[in-house]
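1. what would the 3D arrangement of this be:
(2 chains)
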Amino acid sequence: MFEIFADQPLLPTIWFIVIGILFCGYLVLDGFDLGVGMLMSRLFSKTEKERRLLLNTIGPVWDGNEVWLITAGAGMFASFPFWYASLFSALYIPLTLLLVFLILRVVAIDYRGKQNNPRWISTWNTLLSLSSFGIAFLIGALLALTTTGIPLNERGNSIDIFAWATSPFTYLGGIAVVCFSLIQGLAFIALKTDGPIRYRARAVQRPLMLVGSAPLLIWALLLQWKGESAGMLSYILCLVGVLGLILGYISALQGREGRSFVGNSLFVCGSMLGIFLALYPTVLPSTLNPAHSLTVTNASSSPYTLTVMSWVVGIMLPLIIGYQCWSYYQFRQRMKVEHIPDAHDPTELGESNQAVTHRSRQKEPANSPKC
Amino acid sequence: MDPLTIARWQFGITTVYHFFMVPLTLGLGPLVAFFHWRYVRTGAERYKRLTKFWGKLFIINFAMGVATGLVQEFQFGMAWSEYSRFVGDVFGAPLALEGLLAFFFESTFIGLWIFGWGKLKPAIHATTITIAVAGSWASAYFILVANSWMQHPVGVEMKEGRPVMTDVWAVLTNSTALVTVPHVLAGALLVGGAFLVGLSWWHLWRRRQLGIDTVVDGKVVIGERSEGARDAEDFHAWRYALRFGAVIAIAGFLGTAFTGHAQAQLMIQQQPMKMAAAEAACEDGTSFSVFSYSIDPSSQSCDHLTTPLEVPGLLSFLAYENFSEPVPGVETLLKQYQDELGTHYPDDPERFGQMAGQEITYTPIFEITYYGFRGMFTFGGMSAVVAIYALWITRKKGMGTVPDSRWLKNFHLIALWFPFIGNTAGWVFTEMGRQPFVVAPNFQEDTSVMLFTAAGVSPEVSGGTILFSLIALGSLYAILAVVEIYLLTRYVRAGIPAAMPELVEQHEDSDENSNNRDVLAFAY
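-> Numbering: from 1, shown residues only, chains lettered A, B, ... in the order given. Here you go, the predicted model:
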């Protein structure tokens, strides 16, 4: 079962797994942030208070969750500079869009409530949903393309900067992560809120799981069929993923929200690690010529660098998981719409903005709906 | 379109923009943490107001810093893939360490702090902001270790054409990093201090303008007004912030001066050309140029350079702490660089693009290094002078306030930008002064550990593609700059109630509302 690791260098293999774990951590954690972001669209959340409730469920934690992506990227740079350089330069345009969406999401979360003005709020709300969708889609595309290949030449550079646009895997991976994020977001909302929105989240989650898990399953199965190292270990990981999915679904039917969330998380971790391992020792296949593919051997940093980094990650990752758990524990309470205080415009409370306030009051009737 | 030029513009624009947010985060963070600890220790209302108000601005700015920081990490691989491949073994490590040892702390604990009011025990709550700030300072350290390695590569040896890390301790204690880190942090404190001075000045002035405070016989008579919670405590909070900020700004400036001096001395050894270009010193000499100009504005050569005003001996003092030892000039250094590293780029278009086979210009652009260097310490110094003035004018214990002068108010609002300009000028100087190298050669060690900027860009990424991202990110940044300044202005104008609505809403608070606050002390 572990024979695929024989004759392969140890440290790069460890780091291959570390990168996989970091991406899984990102998908599990920021997955629900992205899902909640998308669900703040008017299609799911009915009132402004519901949207604010949703934003407050992820409020204290989304920033820490996003760091999993930053660290996955930086870890890739440190441990596999050739993988990082080839992948990121080949996907120049989608990554530019990803950056735009990542920036917009941060700003939308932070600025959305900074002024109590319906147009301001709905603009940032739309940008938040849109950027959450964009991030999920493009992260999925990035992961799908690194597992299915890019036309790399002998120097490790993509000869076609638009290759991603014509690859079906861009769309498969993109939709897979969007669907997963929605499922994860719904499971998280059901777990963290109470009241009508909790039950609405449950009601949407169940049917969505039946359909929305398909793209990730197809992607995982495809790699098991085509991947050069697909074997017992990657099958088992995929099986864990499928069992996680079943657990998530059954728990959702039973209304066991915590277990459903765990099941979904197992689903994405098992499938993703199964996908990654099916390729091993390749990290980024070349669709032009297998000889140009990047592997754990030819793309990795020196043993010295990897040793140093292994020590740090070995000590820090458990600590990080520990204090992030503590942070979740601090904010473990379920929230209801009734907990959300009335919105006010902080900037209108100071005397110096009175002129502004008077003007805006004149425009709107006194009993204009406060959002 | 030349990808090299556009990629450099993109890196420059995105990094300068990012570094408007970063020093404010680094500089304001410890001040907010200080206020918070004072509040926890003394329970004084004043510190609570200071914590909440400056914390609010800190958070608005923090979000922008995080958002623009993402671009930095991605664009090495996107636009500079050859650079990433070359340096990855040694440069990637501090970036990954930054994630593992700094960003996770920073981001997780900032969330705990924002939402922790009334939820965490006071001392634990103050600890969360302390950890978040410590994380931001740690991230500054790691990223400056990475940058210092580009200025002065150490701890590596060349294997198969690439530097391979052999000594991580040497990288982490690179002499360049050890002087750069305190320099940057001191510069950030100057930013934070000047920010407090400028905005507190405005509020104190505003109180006078509204007729709340008056000055009678050279003593301030503090008034009160319920609108905007402009009570006596409000006055004391602003005055405290102004004077505290001024002290921090002065300390920050002194810190930049001492560490800057140490940096210059190292730079003479490590990157002599950058130092000579900072002085526009063509010949070897001991004089510090007070004013130099060239009649050929696009020139990177010494042919038309004139220095009408200089201080003999000062440059040697700055460099070697004596008045007679000549500092090598551009002409001398140029020969050294050419002898050591060749006169032309290798004729390899795959690696050097349009620069292949061209003559290497070892001199940075003098206008930028010369004025960048001077802009840095002039704006830093002016900021310190402003802080000293603010401290002096508000002296007399508990009795001083700011003059009722519109002109001075406007001046102080402008002056809070001085350290930002100084920081930017310093970075433009040190990064442009490193050219034509992206990894500058270390003349004390293996000079083959170096990379020309021309050889760092992504080979198969066209100029048009990079232009697309430059326009996309550039226009997004421009819009966000407008939004951020608009929001910050509104929050600043509203004053402390913007961060503490309870000050003006007390009467409306029903029982139900206060129960809610137990679950959600802070809500988006």
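2. who are the neighbours in contact with the nearest residue to B:I268 once chain neighbours are set aside?
-> Closest residue in space to B:I268, ignoring its immediate chain neighbours: B:A319 at 4.6 Å, by C-beta to C-beta, 6 or more residues apart in numbering or on different chains. All C-beta spots, glycine's among them, are computed from the backbone N, C-alpha and C. Neighbour list for B:A319: B:264-265, B:268, B:275, B:325, B:327 [criterion: C-beta atoms under 8 Å, 6 or more residues apart in numbering or on different chains].
3. hang on, B:T307 in a helix?
-> No. Using DSSP: H, G, I helix; E, B strand; the rest coil, the assignment for B:T307 is strand, not a helix.
4. could you report the neighbour count for the spatially closest residue to it that is not a sequence neighbour?
-> If you skip the residues right next to it in sequence, B:T307 has B:S292 as its closest partner in space, 4.3 Å away by C-beta to C-beta, 6+ apart. When neighbours are counted by other C-beta atoms under 10 Å in any protein chain shown, B:S292 registers 20.
5. same check, this time on A:P196
-> A count of nearby residues for A:P196, using other C-beta under 10 Å, gives 12.
6. strands along the chain, start to end?
-> All of this is about chain A. When secondary structure is read from DSSP state E, chain A shows strands at A:282-284, A:294-295.
7. sorry, I should have been clearer: chain B.
-> Taking DSSP E as the criterion, chain B contains strands spanning B:156-159, B:162-165, B:214-216, B:219-221, B:288-294, B:305-311, B:437-439, B:451-452.
8. return the most buried member of those strands.
-> Each of those was assessed for mean neighbour count using mean count of other C-beta atoms under 10 Å in any protein chain shown. The highest is strand B:437-439, with a mean of 24.
9. partner strands of that one, with direction?
-> strand B:451-452 (antiparallel) (DSSP bridges).
10. near the residue nearest to A:G185 when sequence neighbours are not counted, how many other residues are there?
-> Using C-beta to C-beta, 6+ apart and skipping the chain neighbours, the partner closest in space to A:G185 is A:G35 (1.7 Å). Residues near A:G35, counting by other C-beta under 10 Å, number 29.
11. contact partners for A:G35?
-> Contacts of A:G35 (C-beta under 8 Å, 6+ apart): A:132, A:136, A:181-186, A:188.
12. run the last query once more with 10 Å
-> The contact partners of A:G35, by C-beta atoms under 10 Å, 6 or more residues apart in numbering or on different chains, come to A:44, A:54, A:58, A:132-133, A:136, A:178-189, A:201.
13. the helices in the stretch 101-250 of chain B, which residues?
-> Taking DSSP state H, counting those that start in this stretch, the helices of the stretch 101-250 of chain B run over residues B:104-115, B:122-151, B:168-172, B:175-209, B:232-270.
14. mind putting those helices into TSV with mean pLDDT and distance to B:A7?
-> Written out in TSV, the entries for these read as follows (pLDDT from 0 to 100; distance: least, C-beta to C-beta, whole Å):
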stretch	mean pLDDT	distance to B:A7
helix B:104-115	93	29
helix B:122-151	95	16
helix B:168-172	94	25
helix B:175-209	94	24
helix B:232-270	92	25
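15. could I get the ones you listed as a markdown table with mean neighbour count?
-> Below are the helices of the stretch 101-250 of chain B laid out as a markdown table (neighbours: other C-beta atoms under 10 Å in any protein chain shown):
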| stretch | mean neighbour count |
| --- | --- |
| helix B:104-115 | 25 |
| helix B:122-151 | 21 |
| helix B:168-172 | 18 |
| helix B:175-209 | 25 |
| helix B:232-270 | 21 |
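16. now B:S383: how far from B:N423?
-> B:S383 sits 10 Å away from B:N423 when distances are taken as C-beta to C-beta, to the nearest Å.
17. would you mind measuring from the closest residue to A:L247 other than its chain neighbours to B:L476?
-> Among residues not flanking A:L247 along the chain, A:G263 sits closest, at 3.5 Å (C-beta to C-beta, 6+ apart). Distance, A:G263 to B:L476, using C-beta to C-beta: 38 Å.
18. understood, closing this out.
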